[in-house]
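*Asks:* Sequence and predicted structure are below.
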Amino acid sequence: MKKIIIPLFAILSLIGCSSDDINGNIAPIEPVSEGGIFGTDENPLNVGGPNQQNQVFVNLSEEAAFVVARDSWDLGFYGGNDFRVIINGSLLMAAKELETTDITERHNEDPTVAVGTFRAENLNYVDSPDGALAGTAFGTIATSEETAKVFLVNLGNEVPTTAPATGSVNTAGDARGWKKVKIWQDGTSYTMQYGDIAVGAYQEVTIPKSPAYNYTFFSFTSESIVNVEPQKDQWDMKLTTFTNEVFDNSGASAGAYFYSDFIVTNTVAGVTALMVEGDTAAYETFTRATLEAGDYTFSNDQRAIGVNWRSVLPVQVYNDVFFVLRDGTGNIYKIKFISMLNTDGERGFPLFQYKLL
């Protein structure tokens, strides 16, 4: 067994701060952006085109976007008071709890532990699409090594590089393989054991919480903690591929399914949003007074924007809806999507405008 101890670097940065540093070096107050346009050459949203290889985190109040490769991480370890672990739904990952607590046992692949099987039960193997922490595939994290169950983890699909036909997407490539994973609470940290499913060997890593972030992220590829999200109060919405629930023609659940051009709101940090039916003229005249006078309810479902802004048959942005987002500090913005294609008709080039109410 190889054991890796990863320090919490954020704590080290605080140790060197004296009281004089805190009192005498106060950062200037940054003005809140009153609006603008994202997706232009001056203010890009680098989703990556029709392969959509990136996740883009948008901070409306600072008019800023942060880009990370969506295959740069596998698991996220919650930094709040609870102990929760998320899987990378942007890669079609899935996880199933096994009966054993012995990480040295060997296992076979299970084709039912997958996204897109059109079986309602596969929702049990993915994180709840609404973003609720109580609905993670890993469930409640065990309080000890002795009680922690082993999980069979489908690592999903690689990010492809082959360009699709114009107007289409190619976002799911070859299978990435499988891992066996065991996680438990270890004081204020997490301990994880993991290995390939066909061998008895495994590795162990200690992952400390980072309270300034929603999650601390770990990559099986680099076998290390990796930087993914900005600090939890530094982003409002994320552009990404996404594992969502799909329904059949009768309205019954057909389980977990993979979506492109998806937008998630940062509900873990208190961001909420709602959709408004209305055209461009309605967007232009929509004010704070309109919001307060109307029958509007903000949603803490992270899919409040989701794919409700676009159609793929035909490929176009809906011109009869827009959105209202309230960030974690109470700023309220109206948002209207303008396009999802570049001038060559390729997908993966979203463009939206927004304005502070």
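*Replies:* Arrived safely, thanks for sending. What you are looking at is a predicted structure, and each value in this text was computed from that prediction instead of being measured.

*Asks:* where does the chain dip in pLDDT?
*Replies:* Scanning the chain for pLDDT under 70 picks out 1-30.

*Asks:* Which strand in it has the most residues?
*Replies:* Counting residues, the longest strand in the chain under DSSP state E turns out to be strand 253-265.

*Asks:* list the helices and strands that one packs on?
*Replies:* strand 237-247, strand 347-356 (3 or more C-beta pairs under 8 Å, 6 or more residues apart in numbering; DSSP states H and E). C-beta here means a position set from N, CA and C on the backbone, and glycine is covered the same way.

*Asks:* Return the set of buried residues in the last one.
*Replies:* Neighbour counts using 16 or more other C-beta atoms under 10 Å place 347-355 of strand 347-356 among the buried residues.

*Asks:* Name the strands paired with that strand and say parallel or antiparallel.
*Replies:* strand 35-38 (antiparallel), strand 332-341 (antiparallel) (DSSP bridges).

*Asks:* hey, which of those strands is tucked in deepest?
*Replies:* Mean neighbour count (mean count of other C-beta atoms under 10 Å) peaks for strand 332-341 among these, with a mean of 20.

*Asks:* what's the angle between the longest strand of the chain and strand 237-247?
*Replies:* 170 degrees (axes from the mean of the first three to the mean of the last three C-alpha atoms, to 10 degrees).

*Asks:* What residues sit buried inside strand 253-265?
*Replies:* 254-265.

*Asks:* Same check on stretch 165-173?
*Replies:* Buried residues in stretch 165-173, defined by neighbour count with 16+ other C-beta under 10 Å: 169-173.

*Asks:* For these, could you give me JSON lines that also reports distance to residue 133 and secondary structure?
*Replies:* As requested, the buried residues of stretch 165-173 are arranged in JSON lines below (distance: C-beta to C-beta, whole Å; DSSP: H, G, I helix; E, B strand; the rest coil):
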{"residue": "169", "distance to residue 133": "29", "secondary structure": "coil"}
{"residue": "170", "distance to residue 133": "32", "secondary structure": "coil"}
{"residue": "171", "distance to residue 133": "26", "secondary structure": "coil"}
{"residue": "172", "distance to residue 133": "26", "secondary structure": "coil"}
{"residue": "173", "distance to residue 133": "30", "secondary structure": "coil"}
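
*Asks:* Show me the two of those residues that sit farthest apart.
*Replies:* 169 and 173 (11.9 Å; C-beta to C-beta).

*Asks:* For residue 340, which residues are in contact?
*Replies:* 261, 310, 315-317, 347-351 (C-beta atoms under 8 Å, 6 or more residues apart in numbering).

*Asks:* Which member of the residues you listed is positioned nearest residue 233?
*Replies:* Taking C-beta to C-beta as the measure, residue 233 lies nearest residue 350 of those, at 23.5 Å.

*Asks:* How is residue 284 assigned, secondary-structure-wise?
*Replies:* Recorded secondary structure, residue 284: helix (DSSP: H, G, I helix; E, B strand; the rest coil).

*Asks:* picking up where we left off before, do you know which of the helices and strands packed on strand 253-265 lies nearest residue 287?
*Replies:* Among those, the nearest to residue 287 by C-beta to C-beta is strand 347-356 (9.7 Å).

*Asks:* Need the contact partners of that closest one.
*Replies:* Outside strand 347-356, the residues touching it (C-beta under 8 Å, 6+ apart) are 32-40, 45, 47-52, 60, 167-169, 239, 260-261, 309, 315, 325, 331-342.

*Asks:* hang on, the earlier thing: can you tell which of the helices and strands packed on strand 253-265 is closest to residue 120?
*Replies:* Nearest of these (C-beta to C-beta): strand 237-247, 8.8 Å.

*Asks:* Sheet-wise, list the partners of the closest one with their directions.
*Replies:* Per DSSP bridges, strand 237-247 is paired in its sheet with strand 54-59 (antiparallel), strand 253-265 (antiparallel).

*Asks:* mind listing what's buried in it?
*Replies:* For strand 237-247, by 16+ other C-beta under 10 Å, it's 237-246.

*Asks:* Please state the offset of that strand from the chain centre?
*Replies:* Taking C-alpha atoms, centre = their mean, to the nearest Å, one finds the center of strand 237-247 at 8 Å from the center of the full chain.

*Asks:* circling back to that earlier point, could you export the helices and strands packed on strand 253-265 as TSV, including distance to residue 210?
*Replies:* Listed next are these as TSV, based on distance: least, C-beta to C-beta, whole Å:
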stretch	distance to residue 210
strand 237-247	18
strand 347-356	29
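
*Asks:* surely residue 88 meets residue 69?
*Replies:* No. Between residue 88 and residue 69 there is no contact under C-beta atoms under 8 Å: 11.1 Å.
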